[in-house]
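Student: pasting the sequence and the predicted coordinates here, then a few questions.
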Amino acid sequence: MPTITELCDRLLYVESDRWQCSFGHGAPVRLGLVLEAVNPGGGEEDEYSFVIDASLIPQPEYLDEEIMEEAKAEGAKSREEQIRYAYECYGGVPVNIDAVQPAKASCGFSSFVAESSIRSIKAGSGEEMEVRHFRDREEAMRFARDFYAVYASVLFGFIDVVLDRPLPAGKTGWDRIRQMAKK
């Protein structure tokens, strides 16, 4: 069962001992998932303006020592503060969390978890995808904790595919994890 940690009112961190990737040499890198409630419009909050962004990052014990030293120098003493620092300063590998259980396919169970609206949006790649929108930040975080965090382990059944996807800077998820873990 994954461990769920609240980092702040808009961030959850989920990890498991089983979530890892391997670079073919050395020990595997254990991964965690950050779930963030965001208002992609950035402006005024209206009904159903929040979505959940999801990103993979190395678990703190696998982060590069320089990142950890920076975090501590900036006052991040606890494990939670260090995770938040790494995510906010270095990002992670973006994941379409609704791909774990497509929004419309999950309507049966998930409609009992949170009130949401499903809308199609264009991804950066130009393809359309369904994304669940929430009434407010609290509703988004409740759904992230009760649904996305519980089903996140499905991602690791196809972690190679997730990490193979190109990132906007022309690199892949493998490159981002390798950089953050200094592998």
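Tutor: Alright, I've got the coordinates.

Student: tell me where the protein is predicted with low confidence.
Tutor: Along the chain, segments meeting pLDDT under 70 span 42-46, 100-115, 120, 122-127, 183.

Student: swap in 80 and give it another go.
Tutor: Filtered on pLDDT under 80, the chain yields the residue ranges 41-48, 98-130, 183.

Student: hey, where'd the helices end up in it?
Tutor: Secondary structure of the chain by DSSP state H: the helices cover 65-73, 79-90, 107-113, 137-143, 149-151, 159-164, 173-181.

Student: out of those helices, nearest to residue 29?
Tutor: Set against residue 29 and scored by Cβ to Cβ, the helices of the chain come closest in helix 173-181, at 4.7 Å. C-beta coordinates here come from the backbone N, C-alpha and C atoms, glycine included.

Student: what about that closest one, distance to the chain center?
Tutor: 15 Å (Cα atoms, centre = their mean, to the nearest Å).

Student: list the contacts for residue 182?
Tutor: 64-66 (Cβ atoms under 8 Å, 6 or more residues apart in numbering).

Student: list just the nearest of those to residue 17.
Tutor: residue 64 (20.6 Å).

Student: from residue 154, how far out is the closest one?
Tutor: 28 Å (Cβ to Cβ, to the nearest Å).

Student: those two: which is more packed in?
Tutor: Neighbour comparison, residue 64 and residue 154: the larger count goes to residue 64, with 17 against 11 (by other Cβ atoms under 10 Å).

Student: wait, the more buried one sits on residue 90?
Tutor: No: Residue 64 is not in contact with residue 90 according to Cβ atoms under 8 Å; the separation is 9.2 Å.

Student: what residues are shared contacts of the two?
Tutor: residue 180.

Student: for stretch 62-69, give me every contacting residue.
Tutor: By Cβ under 8 Å, 6+ apart, stretch 62-69 touches 29-30, 57, 60, 82, 85-86, 89-90, 179-182.

Student: which residues in this structure form strands?
Tutor: Here the chain has its strands, by DSSP state E, at 3-8, 11-21, 29-38, 51-58, 93-95, 116-122, 128-134.

Student: columns mean neighbour count and distance to residue 166 on top of the ones you listed, output as CSV?
Tutor: What follows is the strands of the chain, written out as CSV (neighbours: other Cβ atoms under 10 Å; distance: least, Cβ to Cβ, whole Å):
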stretch, mean neighbour count, distance to residue 166
strand 3-8, 14, 28
strand 11-21, 18, 17
strand 29-38, 22, 19
strand 51-58, 23, 15
strand 93-95, 21, 11
strand 116-122, 14, 17
strand 128-134, 18, 16
